[in-house]
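>>> Give me coordinates for this.
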Amino acid sequence: MAHPTQFGFQDAASPVMEELIHFHDHALMIILLISILVFYLITALVTTKLSNMYMLDSQEIEIVWTILPAIILIVIALPSLRILYLMDEINDPHLTVKAIGHQWYWTYEYTDYDSLEFDSYMIPTQDLAPGQFRLLEADHRMVIPTESPIRVLISAEDVLHSWAVPALGIKMDAVPGRLNQTAFIVARPGVYFGQCSEICGANHSFMPIVVEAVPLGHFESWSSSMLEAA
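Purely as a prediction, here's the structure:
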């Protein structure tokens, strides 16, 4: 989760988010170099070091400022397209969970099990236990196994919602009458918080997403207890 005075992204908990952070750093360095070059050229022109007619009308300079941006775009586009492919690729998921957005809570259906579904509501501030986080805790968490490909089918019952968990690198719109899908692998056990990222009404900021990643043995025990309770 985010914390006060945080500078940068949340710690990556999935391979896709790690790739996104690397691409962000890659693009940021390119932007920094471009900014330094432009600042130098502006400073040089202001101080009349490059204001002679030969430099301003040089054919070589026109070739450079035509080819250089094209090279920069290629250097940015190639890793970007690779990450887009990785984010859209879904290969033999071990578990499928359907997340349905409502005003203002989430419903989770584990489609590989019979009758394993539940609603996830935000815990009101006055009911929070010591150590729980305001506006982020839910009464039922989406529990998944670690190091397993997870597919999430996302839809909505009423209006547009968005299922977003920053630490996992996921942000997918929930559209009524439409089924979107995304996939991820959680690299380590933990609890990962997110929120609806679409302005969906008066209580938009009160429908958190809580993903709890546990080892496979713990997940099997949890699913068995949920099925027995159902």
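>>> The lowest-mean-pLDDT helix or strand in the chain: what's the following helix or strand?
The weakest-scoring helix or strand in the chain, judged by mean pLDDT, DSSP states H and E, is helix 53-56 (a mean of 59). Going down the chain from helix 53-56, the next helix or strand is helix 59-88, by DSSP states H and E.
>>> Show me what counts as buried in the helix or strand following that next one.
Downstream of helix 59-88, the first helix or strand assigned by DSSP H and E is strand 95-102. Within strand 95-102, the residues scored as buried using 16 or more other CB atoms under 10 Å are Leu95, Thr96, Val97, Lys98, Ala99, Ile100, Gly101, His102. Just so you know, the C-beta spots here come from the backbone N, C-alpha and C atoms, and that holds for glycine as well.
>>> right, and the first one touches Ile144 too?
Yes: with contacts defined as CB atoms under 8 Å, Leu95 counts as touching Ile144 at a distance of 6.4 Å.
>>> Report the distance from the lengthiest helix in the chain to the chain centre.
When the chain is parsed with DSSP state H, its longest helix is helix 15-46. Its chain's C-alpha centre and that of helix 15-46 lie 22 Å apart, by CA atoms, centre = their mean, to the nearest Å.
>>> and if you look at stretch 2-11?
With CA atoms, centre = their mean, you get 14 Å for stretch 2-11.
>>> Endpoint to endpoint, it covers what distance?
End-to-end distance of stretch 2-11 (CA to CA, to the nearest Å): 9 Å.
>>> burial measure for Trp222, as a count.
Neighbours of Trp222 under the rule other CB atoms under 10 Å: 16.
>>> which residues touch it?
Contact analysis of Trp222 by CB atoms under 8 Å, 6 or more residues apart in numbering lists Val143, Val214.
>>> Now the residue nearest to Ala230 when sequence neighbours are not counted. Its backbone dihedrals?
Setting aside the residues directly before and after it, Ala230 is nearest to Ser115 in space (CB to CB, 6 or more residues apart in numbering), at 4.7 Å. Phi and psi for Ser115, reported as degrees, to the nearest 10, are phi 60, psi 30.
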